[in-house]
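> After the sequence you'll find the predicted model.
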Amino acid sequence: MSNKAYWDSVAPTKKFTTTFDYDLIGRYLQKNFSILDIGCGYGRTLSELKKLGYTDLSGLDLSDAMIERGKKVDPTLNLGVMSNNQVNFKDNSVDAIFLLAVLTCIEKNSDQEILIKEIRRVLRPGGVLIVNDFLLNDDERNKKRYENFKKQHEALPYGIFMTDDGAVCRHHSEEHLKNLLAGFETANYSLTTFKTMNGHISKGINYIGINE
């Protein structure tokens, strides 16, 4: 099953659980900022931002079914489908971008790099990138998943695995994420733990970067 096929299949019921400190991001975001949530799913984060008083909100996701669900949940949200990691926004047109548990869904380094390049293109100079994502775990369950996937896909980076319900996901080293985001000025970087969409606990990062 391709990742798109997976997300379309679980769109009606999947609940996302990763969190972010909205008091913290409020130090960097003004209420009238144009905000784009890439990998928005069914619009959970955008709905939370709307409740907090943010007014210029857009979201993109690769799953048509997720976007359809989001429009039903809140028809006022500006949601659209993206493909091939391309962001259909003009250069320097967005004040802030959210990228929450999205890199974990992108297996290849090259595809992650394409997406980050697109983000830098559409963010205005001084714009804000907000990321949370998953780090490599050292428990036996996760190490076994990483190793099993690596044996079958030697060309792909270590840390990729398949969930019990068929999603291909990736956990990252801190070094990889720091290199990937090196084009941004780091405003906040903290380690945390997240509850995953399937109810497990994973190491993770919260990151805020400024587009240089």
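Thanks, I have the structure now. Bear in mind that the values here come from a model prediction, so they are computed numbers and not experimental data.

> And the strands in this structure?
If you assign secondary structure with DSSP state E, the strands in the chain sit at 34-38, 56-61, 78-81, 94-100, 123-134, 160-162, 168-170, 184-195, 201-211.

> in the last one, what's buried?
Think strand 201-211. Residues of strand 201-211 classed as buried by neighbour count (16 or more other Cβ atoms under 10 Å): 202-209, 211. All C-beta atoms are positioned from the backbone trio N, CA, C, and that covers glycine.

> Between those, which sits nearest Val128?
Closest approach to Val128 among the buried residues of strand 201-211 (Cβ to Cβ): Ile208, at 6.5 Å.

> The residue nearest to the closest one when sequence neighbours are not counted - how many residues pack around it?
By the measure of Cβ to Cβ, 6 or more residues apart in numbering, the closest residue to Ile208 outside its immediate chain neighbours is Asn188, 4.0 Å from it. The local packing of Asn188 (other Cβ atoms under 10 Å) involves 15 other residues.

> related to what we said a few turns ago, which among the strands of the chain is found nearest to Ile114?
For the strands of the chain, the distance to Ile114 is smallest for strand 34-38, at 12.3 Å, taking Cβ to Cβ.

> which ones are touching the nearest residue to Glu212 once chain neighbours are set aside?
Leaving out its chain neighbours, the residue that sits closest to Glu212 by Cβ to Cβ, 6+ apart is Glu185, at 5.6 Å. Each residue near Glu185 by Cβ atoms under 8 Å, 6 or more residues apart in numbering is listed here: 209-210, 212.

> Quick check: closest non-adjacent residue to the residue nearest to the spatial centre of the chain.
Centroid-nearest residue in the chain, with Cα atoms, centre = their mean: Val102, separated by 2.5 Å. Beyond its immediate neighbours in the sequence, the residue positioned closest to Val102 (Cβ to Cβ, 6+ apart) is Gly39, lying 3.5 Å away.

> Tell me if I'm right that the one you found and Leu99 touch.
Yes. Taking contacts as Cβ atoms under 8 Å, Gly39 lies within contact range of Leu99: 6.6 Å.

> Would you map the helices across the protein?
Under the criterion DSSP state H, the chain contains helices at 3-10, 22-25, 44-51, 64-73, 109-122, 140-152, 174-180.

> could those helices go into TSV alongside mean neighbour count and mean pLDDT?
Conversion of the helices of the chain to TSV gives the following (neighbours: other Cβ atoms under 10 Å; pLDDT from 0 to 100):
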stretch	mean neighbour count	mean pLDDT
helix 3-10	17	92
helix 22-25	14	92
helix 44-51	18	96
helix 64-73	18	96
helix 109-122	17	97
helix 140-152	13	97
helix 174-180	15	98
